[in-house]
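Chemist: one predicted model, sequence on top.
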Amino acid sequence: MPLEFSHNCPYCKTDKIGFTSRYDWKIPNTSSQKFILTTCNGCHGGVIFLFGLSNHTSDYDFNKASGNLEFNGLRPIKSWPQTAHNDVPEDIPAQLSGLLSQAVKCLRQGAWDAAGMTFRKVIDISTKLLDPSLSKKMLASRIDELEKSGKLTPDIKAWAHEIRLDGNEAAHEDDPFTKDQAEALSSFVDAYLRYIYSLPKMVERSRERRNLGQGQST
């Protein structure tokens, strides 16, 4: 019977989900460690683990162990990949990063309505951070005011409204939100966050590197 144990999946983002061993191999000249190829029991993504063998040599048959790895003298040292997807754009506020991770987790678990509502909340919080003086206004008015003040371009304003409307639909419509709708909303949110936060920081770092280079050459 193949080895089965629980671990966090880097693909579907499920915590402590079951993994099943598919193949294992020794490391030359090392008797206390062994590699094992596994698949997630939820999404079937492949993950390689490096195990330390506390009470066994590398000849140990993994099929004899299951459940409590420590009891069997097996210790996961490292796994690959650590993160299968770059779900969170760089340089976004920590508050938004946490919400986005929640939304993506819902998306990967097939909770389409929950994903839609959480993606909408990302935009709700973002617009409040962009101009705290507008925080008491409704989201629709807030988006329009941010465009008028130049903090959102007309295109980004349109994206933000699409996210708002789709998020409202996930929260209030009788018909369940679909996978296609949730994935489209994810794309809108990703584009919005990269434009508002990631791209300006990329430009800022590029200017700093250029200015530093110019200073060293003078």
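Modeler: Thanks, I have the structure now.
Chemist: can you give me the helices in the protein?
Modeler: 94-108, 112-130, 139-148, 154-172, 179-193, 199-217 (DSSP state H).
Chemist: could you list the low-pLDDT ranges of the chain?
Modeler: 1, 56-58, 60, 62-68, 70-71, 83-86, 215-218 (pLDDT under 70).
Chemist: would you confirm that residue 123 contacts residue 185?
Modeler: No: look at residue 123 against residue 185 with Cβ atoms under 8 Å: they stay out of range, at 9.8 Å. To be clear about C-beta, it is placed using only N, CA and C from the backbone, and glycine gets the same treatment.
Chemist: so what sits against both of those two?
Modeler: Taking Cβ atoms under 8 Å, 6 or more residues apart in numbering as the contact rule, residue 123 and residue 185 both touch 163, 167.
Chemist: from the centroid of the protein, which residue is nearest?
Modeler: Residue closest to the mean C-alpha point of the chain, counted by Cα atoms, centre = their mean, is residue 87 at 3.7 Å.
Chemist: return the backbone torsion pair for residue 152.
Modeler: Here is the backbone geometry of residue 152 (degrees, to the nearest 10): phi -130, psi 140.
Chemist: so who does the closest residue to it other than its chain neighbours touch?
Modeler: Leaving aside its chain neighbours, residue 152 sits nearest to residue 146 (4.4 Å; criterion: Cβ to Cβ, 6 or more residues apart in numbering). Counting by Cβ under 8 Å, 6+ apart, residue 146 makes contact with 127, 130-131, 134, 152, 157.
Chemist: mind listing what's buried along stretch 149-158?
Modeler: Neighbour counts over stretch 149-158 (16 or more other Cβ atoms under 10 Å) mark 152, 156-157 as buried.
Chemist: contacts for stretch 208-217?
Modeler: Residues contacting stretch 208-217 (Cβ under 8 Å, 6+ apart): none.
Chemist: got it, and stretch 175-193?
Modeler: For stretch 175-193, using Cβ under 8 Å, 6+ apart, the contacting residues are 89, 92, 96, 100, 103-104, 107, 110, 112-113, 115-116, 119-120, 122-123, 126, 156, 159-160, 162-163, 166-167, 169-170.
Chemist: buried subset of those as a PyMOL selection?
Modeler: Buried members of those, defined by 16+ other Cβ under 10 Å, are picked up in PyMOL with:
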select buried, resi 89+92+96+100+103+104+107+112+113+115+116+119+120+122+123+126+156+159+160+162+163+166+167+169+170
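Chemist: just checking, residue 11 touches residue 39?
Modeler: No: counting by Cβ under 8 Å, residue 11 does not reach residue 39; the two are 10.0 Å apart.
Chemist: and the gap between the residue nearest to the centre of the chain and residue 186?
Modeler: Between residue 87 and residue 186 the distance is 9 Å, computed by Cβ to Cβ, to the nearest Å.
Chemist: and what of residue 123?
Modeler: 12 Å.
Chemist: do the same with residue 200
Modeler: Applying Cβ to Cβ to residue 200 and residue 186 gives a distance of 22 Å.
Chemist: thanks a lot, catch you later.
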